[in-house]
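Asker: Below are the sequence and a predicted model; questions follow.
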Number of protein chains: 2
Amino acid sequence: MSEPEKSENIPDASAGKEVPNGGNSAKSKEDFDLAAVYVSDAMYNRNIYFDTSPQAIRLYLLYNHWALKVLLYVFILVNLGLAIFEEPAVFPLPTWATMLLELLCVFVFTFRIVHYAKVIPRDKFWKDPKNICIIVILLLTLVDMIIYGALRAANCSIIRWSRVLRPLLLVNVTEGRQLRRAFRSIRNALPQIFNVFLLFMFSLLMFSLMALKLLGKRNLKTIEGLPYFNNYLEIVFDLYVLVTTANSPDVMMPAYNSHSMFTLFFIVYILINTYIFMSVFLAVVYNNYKKYLKEEVRQLVRAKRHKMARAFAVLQEQKEDGGQPMVTQANWNQLVRQVRPDISNGHRELLWHVCDDKNHGFIGKGAFVQLADLLNIEVITLKSRPHPLQSLFPKIYQSAPSRLLCRMVQHRFDTLIVVTALIATIINSALKSLVRYTSRQILDIVFILRVLRLLRVVDGFKRFRAIINTLIRIGPAILTFGQLIIVVFYIFAMVGMELFKHKVKFYEDSNDPAKAYCGNPLLNNTAFAQLNYCKNNFNNVVSSFILLVELTVVNQWHVLSSGFATVTHVSARIFFVIFHILVVIIIVNIFVAFVLEAFFVEYSMDKNDLQTSLEKKIKELELAVAQEKLEDNLVNAMETMDNDLGTGQTSTTANLPNLMFKIASKRYRTVDALLQRMFEEDLDPEDFRETDEPEAQTGSFPNPAFGSA
Amino acid sequence: MSEPEKSENIPDASAGKEVPNGGNSAKSKEDFDLAAVYVSDAMYNRNIYFDTSPQAIRLYLLYNHWALKVLLYVFILVNLGLAIFEEPAVFPLPTWATMLLELLCVFVFTFRIVHYAKVIPRDKFWKDPKNICIIVILLLTLVDMIIYGALRAANCSIIRWSRVLRPLLLVNVTEGRQLRRAFRSIRNALPQIFNVFLLFMFSLLMFSLMALKLLGKRNLKTIEGLPYFNNYLEIVFDLYVLVTTANSPDVMMPAYNSHSMFTLFFIVYILINTYIFMSVFLAVVYNNYKKYLKEEVRQLVRAKRHKMARAFAVLQEQKEDGGQPMVTQANWNQLVRQVRPDISNGHRELLWHVCDDKNHGFIGKGAFVQLADLLNIEVITLKSRPHPLQSLFPKIYQSAPSRLLCRMVQHRFDTLIVVTALIATIINSALKSLVRYTSRQILDIVFILRVLRLLRVVDGFKRFRAIINTLIRIGPAILTFGQLIIVVFYIFAMVGMELFKHKVKFYEDSNDPAKAYCGNPLLNNTAFAQLNYCKNNFNNVVSSFILLVELTVVNQWHVLSSGFATVTHVSARIFFVIFHILVVIIIVNIFVAFVLEAFFVEYSMDKNDLQTSLEKKIKELELAVAQEKLEDNLVNAMETMDNDLGTGQTSTTANLPNLMFKIASKRYRTVDALLQRMFEEDLDPEDFRETDEPEAQTGSFPNPAFGSA
């Protein structure tokens, strides 16, 4: 590799001016604003088609400001949290108070959508289903509040049906990208899942018919003395429950007690329906979810390249010799400073060296387009700053006991746990009034948290590291699943509360005779009451959520669902079956598929190309941190950037340059980066190549349509 | 493509004779015998290093004779089935009778191993661990029988411990290739699984500690009134059970009833240990099992090529012009006729055309080596023979009602079901004496089997076909899992019977007061007795197997294991935990992994290269069956070769050649072929290239070491 002339290495804005065509005057602040917006949209995969007028860009920057986003999510949480205070309430508040709060939330959401409408062109705004969704939700909420308020004033009882719509806001706000993607992937996978489901239902119905013929006329009795397997619909339900294994082996026992041969029927049934069909569900969910997610990621990557190409078009200049358009280092610096003001000069220079690896002093489109991905790589900047005590008393500082102290202080993870323990202590003190903790118990909890220090020991073993790293890596993605689960649970909790509230009661006082049947005589002598499940009810949003978690774990869900069917109507089972299909068969399987995929990726590949080239550059510039000094372990994976180094390793510090870098490879700044990495092996190289299509230059790139869930 | 001269197209044995070097005399019968043995070993992936002397080959052919193999498996089944008649017996037989039968089995196995020792060189025989294993098992069995017989005569009770070794014969006989491979893959995957298991145990112990600290001193009571969560080991067991979800939500209820906040602990626990850790287990099992199986398949393919190269070396002749060695069509025909006498001349000719696609009249090594795989492709030969009635009364035969009749008769699947129904009727009649079926009930079962006709309707939908085909395709592999399960279950059943026999009793007579506590006062008021689980016991081999199936399904396994711990000792739980880890965490996960992989393969690719080239040749020779005539559906996948065609489609029959072919692509003759296909995308092309290494020519190819499980 021959070094290019040094004269080309120090370009400046004036150098660009000499080139005649292509707006090569010194770039205005508006140009940088626009380019910075494109780059930051590319970094965070925002696909918003904003106006490019300077005023709209300022509004757009404001729209993307973190404070407004936090505010939005706070109000979404408040809106969802209202269920705690509304009838049936955990902590009852007067109706006017919750109504006022909800009105405030609606106001904030309206403000946000109006802001959004100002940022993007009018026709784009009305073509986007998620905006229509939000507007409809807000209008329906207002209508419902008015009806509810009026009827409440007239002392009529009425259902607050619009509460079901609340979690949909979480999906439809512009920031709910990951969640929308998850829902879209599920929706796209549904036809295939439905096919398997039909086959499964066919098998279920056939087996039920066989069971009826085989066992129906034998006058067998269940353990409760009821007739066994003589009603077709009951058999279908029982065998459906058997697929979840929740009533095994009880459902089989009467037949088994009658003759051992009958177990053959159940064993074949379990083999086919529980083992094979449930595996097929996992396979189909996995395959389809992955397929559609891959397509989504491909679109995402394409959109990112287009945005970077637009940013390049804004900042590009033409070289004297009429070559390819390029961006100068000065402009590039200015841009990066604007996009990420938080990164250090050294870090920025390093990134420039990665882009401009031949030291031309300018970069072409191909190198420029990488910028968004480069900025997403977490680089830890290490300042080798000597400890103040060291410079004052070098002798004492380097003595043996002092070193031991240093080493003891260095255990950051420990620090984390101590901080957590402190926070826990504070929370506990706050909760004291509620649960009456003794000080002894607080100490217990602090002790438990200290026990977590053992995690550090575990992390020390290399063979556990791949597993633990993968677990940490999928953390952010689990948050998306958390949101998904909350949306689905919230809707089911709201419907469940309207259907089943106050049908089952829990008595704190254990002497109340009504406790034996949960306050509902219909439950007398049922398994539900006998197992003391009274607190598993829909009487408020908290117990509803806990009940739904229990239903997700599946075990005993037939007892729970039969309990609620007993106090209402046998068709209430439909509610529980739908919940099972949606949450256990689809969402839990997607979760399992995601964990599986993340592990296969972890096992099959290492860092991606861009990270490798960045690392190579770090090594080349002799800015790398020696591996043995900062082992790539759990501690790094959990701590934030800008560590201090040089408190312990005084012997080598002197030889090191002032700044050192290290790639925090085990973490991703965004979930999208994780997804991109998960599928990048399967992605078409086309998607990564810089695009030179005319539309990228003229600025009208296809904005992937984002339908609402 | 220019056609070569026609003169080269009709080679014969005499043509070969003119070439001087390389043993080009007419091949002797011994040569064909040897080559045929190599080809059939390659086809069935037998890796036996036999002597090449003509006498040893004759012995080897006898060793591989299907009748001897069937005999072996019959005696293995008899040996395993002895457990039904031995104490504790389902149908008790006198000790001398079972001992005599077992002695006969041992004699047969000894005969088989002696036969094997005659086939392979002496040093190879003693180096193979599976032979040593069989000899040790047989010796130990004899020793145990002598001790047992002697002590039995002296009226001492003693354990028949050698029964545990019986299923190991299934693993170590030469035919147990698939099973050995499965065990080897499991063994190789164990270290990684063990790492995850250690992490999981760490998490379990930590959570148990937290539970003890959090809940231990609150004086909570379980539903039975026992102290709740105040014994560390009990907590560990309870939380282990919670991972299986078997005691959810019961284990949580006392804490939940005390305060809702405590559910957070359980929800976090379930999220981490049930959902994440169990998915990680699946991921690790899947990944490792696949990795090692791929390596095994790679070795298999390599060994297959080596064997084919040796067969080629036996039959090769040198061409006049000193080119590459080759095999003439006559010799090839003779070889194929010897290896698979069942295939038709037309079929054989077709295969030759695939190998010799340029019509040279001879083939080189590259084409020859494909033969084993080609013979493994199931080709359906269709004879377009007109129906006798058609030739006699053409007018009447083609009339509308007659056609309708034809169409009705054509439903072969139906035929299958009618045959099954007949067999079932016969079996039912035989069982009449046992279960007292009324004739009405027999009709019911026949009716149920007729209901299965609906499967045909389901298969009619294209969207179900991929799913059903995959299910059928994994059928043979499930048989391997079946053997694996039988080996593991048998061992656990034998141990369980020695540990727990007659501790729990089942009373047919429901008026017996001992029924309430399963004949064991220790079980009074336990969940085990209350749920009427008395028949779930280890009192004979059948009920042991049913109990183990219930434990595999997992639900209520804590009730079952606690029941047996109550009647013996709390440490009995270890037996059940080990069973759970081995069967549920490892084997069931491997099964799920296998189903997943089979589906991913089905979704990701179609027929393999060889099948495609065969199909192309079929099309080229205009021997293909028009697709619309014989839709590639379930019927084809289930019926055997040599269909009759031409009873219904009289209008087109006249134009068709006498023989037509179709690839039964949805089926594999051997599990190995399925495995090879599953991994062929990942296999190194090296493995498929014909090898020209010297050792392949000299005949000493590396025989992959087959250790015993």
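Answerer: Yes, it's here.
Asker: Identify the residues contacting A:Gly496.
Answerer: A:Phe538, A:Ser544, A:Leu547, A:Leu548, A:Phe575 (CB atoms under 8 Å, 6 or more residues apart in numbering or on different chains). C-beta coordinates here come from the backbone N, C-alpha and C atoms, glycine included.
Asker: Now with 7 Å, please.
Answerer: A:Phe538, A:Ser544, A:Phe575 (CB atoms under 7 Å, 6 or more residues apart in numbering or on different chains).
Asker: part of a helix, is it?
Answerer: Yes. Assessed with DSSP: H, G, I helix; E, B strand; the rest coil, A:Gly496 lies in a helix.
Asker: That one and A:Ser561: what is the separation?
Answerer: For A:Gly496, the distance to A:Ser561 (CB to CB, to the nearest Å) stands at 11 Å.
Asker: most centrally placed residue in chain A?
Answerer: A:Thr480 (2.0 Å; CA atoms, centre = their mean).
Asker: Give me the spatial nearest neighbour of that residue, chain neighbours excluded.
Answerer: A:Gln178 (4.4 Å; CB to CB, 6 or more residues apart in numbering or on different chains).
Asker: Quick check: which element contains that neighbour?
Answerer: helix A:177-215 (DSSP states H and E).
Asker: contacting residues around the residue in the stretch 51-200 of chain A that chain B sits nearest to?
Answerer: With CB to the nearest CB as the measure, A:Asn195 is the residue of the stretch 51-200 of chain A nearest to chain B, at 5.0 Å. Listed by CB under 7 Å, 6+ apart, the contact partners of A:Asn195 are B:Arg463, B:Phe464, B:Ile467.
Asker: neighbour-wise, which of those residues leads?
Answerer: Counting neighbours by other CB atoms under 10 Å in any protein chain shown, B:Ile467 leads those with 22 neighbours.
Asker: From A:Phe464, how far out is it?
Answerer: B:Ile467 is 38 Å from A:Phe464, where distance means CB to CB.
Asker: what does A:Leu215 give?
Answerer: From A:Leu215 to A:Phe464 the distance is 50 Å (CB to CB).
Asker: swap in A:Phe575?
Answerer: Taking CB to CB, one finds A:Phe575 at 43 Å from A:Phe464.
Asker: do A:Ala83 as well
Answerer: On the measure of CB to CB, A:Ala83 and A:Phe464 end up 41 Å apart.
Asker: likewise A:Ser248?
Answerer: Separation of A:Ser248 from A:Phe464 (CB to CB): 34 Å.
Asker: repeat for A:Val583
Answerer: Distance from A:Val583 to A:Phe464, by CB to CB: 31 Å.
Asker: Over to A:Arg163?
Answerer: 45 Å.
Asker: before we move on, back to that, inside strands: which ones of the contacts of A:Gly496?
Answerer: Using DSSP state E, no member of these falls in strands.
Asker: of those, closest to chain B?
Answerer: Using CB to the nearest CB, the contacts of A:Gly496 come closest to chain B at A:Ser544, 11.5 Å.
Asker: Looking at the closest residue to A:Gln316 other than its chain neighbours now. What's its pLDDT?
Answerer: Nearest non-adjacent residue to A:Gln316, counting by CB to CB, 6+ apart: A:Pro325, 4.0 Å away. Looking at A:Pro325, its pLDDT stands at 86.
Asker: A:Pro325 - how many residues pack around it?
Answerer: 20.
Asker: Correct me if wrong: it contacts A:Gln318.
Answerer: Yes. With contact defined as CB atoms under 7 Å, A:Pro325 counts as touching A:Gln318 (5.6 Å).
Asker: picking that back up, so the residue nearest to A:Thr480 makes contact with A:Leu479?
Answerer: No. A:Gln178 is not in contact with A:Leu479 according to CB under 7 Å; the separation is 8.4 Å.
Asker: who's more crowded, those two?
Answerer: Neighbour count, other CB under 10 Å: between A:Gln178 and A:Leu479, A:Gln178 has more, with 20 against 13.
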